[in-house]
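S.K.: this one's structure only:
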């Protein structure tokens, strides 16, 4: 499944036009209409960066956890490194002073289950050459199963279902009022959808409700996620809804 997509905003041009038929009286220009908003629909884990539980349990350094393209982490020197698990209204954090994980940080990370969100925040030791300030380095990640849940009809079919069946409700949306919306749900071990709830409103209650119902009542089943042993496990996913651009 492709990684999480940032929900952003865009500006669209409005165009009005007139035409003249030389054999008929001049026709007034039609009323100006708002151009369709380019809406984004995406289903994925909470954060773009992910790591499997098995890989997390093998990690001995933060460099084993952050994405390989985070090159600055390899070259930077840190004076402090915080590891924190994120929960609904609090976080559990353990501080360290180097890239290698200490015993308490390792225990904390290994206590986390699938779909747990966490971050690693490091404080650099040298000042930025332009700003003259000490830099912070941070990465947010989600722990995912070794084999992630997949919609049986395919990802494109899932997005098409959500888009096509919400056209009537989303027709009322005005660009300057739309907010990034998020609907959380769980794909169970049986491949069914449960625990559907609104995490962040789009700014349109009727649209929120329609999207919740579409997720809860989507046709077909999911292929359940699996752990490293091939055992079925539940996975939490997020349906992101918003605008392109920004």
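M.R.: Thanks, I have it. These figures come from a predicted structure and were not determined experimentally.

S.K.: Just list whatever residues bridge to residue 181.
M.R.: In this structure, residue 181 bridges to residue 241 when assessed by DSSP bridges.

S.K.: shouldn't it be in contact with residue 240?
M.R.: Yes - applying Cβ atoms under 8 Å, one finds residue 181 in contact with residue 240, separated by 7.4 Å. The way it works is simple: take the backbone N, C-alpha and C, and place the C-beta from them, glycine included.

S.K.: what's the burial count for residue 170?
M.R.: The number of residues packed near residue 170 is 20, by other Cβ atoms under 10 Å.

S.K.: what's in contact with the helix or strand of the chain with the lowest mean pLDDT?
M.R.: Counting by mean pLDDT, DSSP states H and E, the chain has its least confident helix or strand at helix 167-170, which shows a mean of 86. Taking Cβ atoms under 8 Å, 6 or more residues apart in numbering as the criterion, the residues outside helix 167-170 that touch it are 37, 39, 204, 206-207, 210-211.

S.K.: Just the buried residues of these.
M.R.: Buried residues within the contacts of helix 167-170, defined by neighbour count using 16 or more other Cβ atoms under 10 Å: 37, 39, 204, 207, 210-211.

S.K.: Switch the residues you listed over to CSV; also include distance to residue 236.
M.R.: What follows is the buried ones among the contacts of helix 167-170, written out as CSV (distance: Cβ to Cβ, whole Å):
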residue, distance to residue 236
37, 28
39, 23
204, 24
207, 22
210, 21
211, 17
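
S.K.: Return the subset of those lying in helices.
M.R.: By the criterion of DSSP state H, membership of these in helices covers 207, 210-211.

S.K.: For residue 173, give me phi and psi.
M.R.: Here the main-chain torsion angles of residue 173 (degrees, to the nearest 10) amount to phi -70, psi 130.

S.K.: From residue 40, how far out is it?
M.R.: Per Cβ to Cβ, to the nearest Å, residue 173 is found 12 Å from residue 40.

S.K.: ditto for residue 185
M.R.: Distance of residue 185 to residue 40, computed by Cβ to Cβ: 18 Å.

S.K.: domain ranges for the protein?
M.R.: Each domain of the chain is listed here as a residue range: 49-144, 148-243, per automatic domain parsing.

S.K.: Tell me the gap between the first one and the middle of its chain.
M.R.: So that's domain 49-144. For domain 49-144, the distance from its own C-alpha centre to the chain's C-alpha centre is 19 Å (Cα atoms, centre = their mean, to the nearest Å).

S.K.: measure it end to end?
M.R.: 10 Å (Cα to Cα, to the nearest Å).

S.K.: cool, and the last one?
M.R.: The straight-line separation of the ends of domain 148-243 (Cα to Cα) is 26 Å.

S.K.: In space, what's closest to residue 76 - neighbours in sequence excluded?
M.R.: Nearest residue to residue 76 in three dimensions, chain neighbours excluded: residue 124, at 5.4 Å (Cβ to Cβ, 6 or more residues apart in numbering).
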